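Peer 1: Here you go, sequence then predicted model.
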Amino acid sequence: MKLEYLLPPFNPNDVDIRLQYISVGQLEKMIETGKLYIPETEELQIMSNSWNNQERSSFIESIMANLPVQLVYLDGSKTPWTIIDGLQRITSLHKFFQNELVLTGLEYFYKECEGMSFASIPFYLKSRVESTTLVAYVVNPGTPEAVKFNIFKRINKIGKQRNRQELRDAFYQGTRARDIKKMAESEEFLQATHRMVSRKGMADRELVVRYFAFRLLYSFFYTTQSMDDFLDKGMDALLARYEEDYEKDVSRFKTTMQHCYTLLNDITFININSVRRRINKSLFDVFTYTIARLSDDEYQNLIRHREPFYNQYRQLFEGNGFLSSIRLRNHSKEAVRERFDKMEKFVKQFI
């Protein structure tokens, strides 16, 4: 496994960005020819910062009214280009050009354009939209990966931006991002999580990333600044896996989900003391990590003692048990270490 993800974030001298002026018409042509990537409609809908039609219409109207719009950030270091910041604005324009957006809630052009698609608006407004120039900062080829991801994170800290998992999904496009999506949609994961994890904001994919981050980098958790930083490094580690090892990792993930559900069934990853029944991330982390580390023989021994294991597991939520509500709410590194250590000792009693 490569260890680049353990290095310092980046050297500021490696930042290589150019200023570029791109007309809206040129931008649309880049999308149509595959030179600029935007997510599918379904992917856009589950994003935490997804715009509704009125928000999209308001942005389009700003362009028609010759009002200034924010600059966009693009990653032009590889083909196709990707959008660092400005996703909702660019996709709004694309939907409008494709006649998939009907303008609504207009202020300036209500009489002329309300309820119309791009094909129906007056010619002079079509021309104005197409010729409008957007100011873009474009990341140049050769920019190190660590620099690019740092740019992704910093630009998306302000306003109604994508959350960290959505940034990972956008940044790590390709096989790994697609596979994480597939794993979050797998029957094994859906069953183990009782189909309760929201797809909105890619919360389901974040759980998959959490599994791999702890599985591959648990010993480094205590050296990272935050959980988000740890999950970023987990994605790097997953990307660095050799294909043969990676295929085994994916298979192990699905098997682990099955094993967890077989052992705990109705309370898998659930804080049984919580008023609201939902997946607890801390339980997901500690239980999947512990079960994934068992050999086949150890798991079979555990299954043979499934009933006493299940009953005693429930008792861990009582009183001062290390899975009590107050203990589960403690997310300090010391508390995480204690949970992982105690869960391992608990499980070993039955194998």
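Peer 2: That came through fine.
Peer 1: in this structure, which spans are strands?
Peer 2: Assigned by DSSP state E, the strands in the chain fall at 17-23, 72-75, 82-85, 133-139.
Peer 1: Mean pLDDT lowest where, among those strands?
Peer 2: For the strands of the chain, mean pLDDT drops lowest on strand 82-85, to a mean of 87.
Peer 1: What is it packed up against?
Peer 2: In terms of contacts (3 or more C-beta pairs under 8 Å, 6 or more residues apart in numbering; DSSP states H and E), strand 82-85 is packed against strand 72-75, helix 145-155, helix 164-171. Just so you know, the C-beta spots here come from the backbone N, C-alpha and C atoms, and that holds for glycine as well.
Peer 1: Adding mean neighbour count and distance to Asn49, write the ones you listed out as a markdown table.
Peer 2: Shown next, in a markdown table, are the helices and strands packed on strand 82-85 (neighbours: other C-beta atoms under 10 Å; distance: least, C-beta to C-beta, whole Å):
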| stretch | mean neighbour count | distance to Asn49 |
| --- | --- | --- |
| strand 72-75 | 22 | 14 |
| helix 145-155 | 18 | 13 |
| helix 164-171 | 22 | 8 |
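Peer 1: export these to CSV and tack on distance to Val15?
Peer 2: Formatted as CSV, the helices and strands packed on strand 82-85 follow (distance: least, C-beta to C-beta, whole Å):
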stretch, distance to Val15
strand 72-75, 12
helix 145-155, 6
helix 164-171, 16
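Peer 1: Show the low-confidence segments of the stretch 151-300 of the chain, by residue range.
Peer 2: Residue ranges of the stretch 151-300 of the chain with pLDDT under 70: 156-161, 173-175.
Peer 1: quick one, what contacts the residue nearest the centre of the chain?
Peer 2: The chain has Gln165 as the residue nearest its centroid, 2.4 Å off, counting by C-alpha atoms, centre = their mean. Applying C-beta atoms under 8 Å, 6 or more residues apart in numbering to Gln165 gives the contacts Gly201, Met202, Ala203, Arg205, Glu206, Val209, Leu231.
Peer 1: circling back: please name whichever of the helices and strands packed on strand 82-85 is nearest to Pro39.
Peer 2: helix 164-171 (7.9 Å; C-beta to C-beta).
Peer 1: so how far is the closest one off the chain centroid?
Peer 2: Relative to its parent chain, helix 164-171 has a centroid offset of 5 Å by C-alpha atoms, centre = their mean, to the nearest Å.
Peer 1: give me the beta-bridge partners of Val138?
Peer 2: Arg18, Leu74 (DSSP bridges).
Peer 1: For burial, what's the neighbour tally of it?
Peer 2: Neighbour count for Val138, taken as other C-beta atoms under 10 Å: 19.
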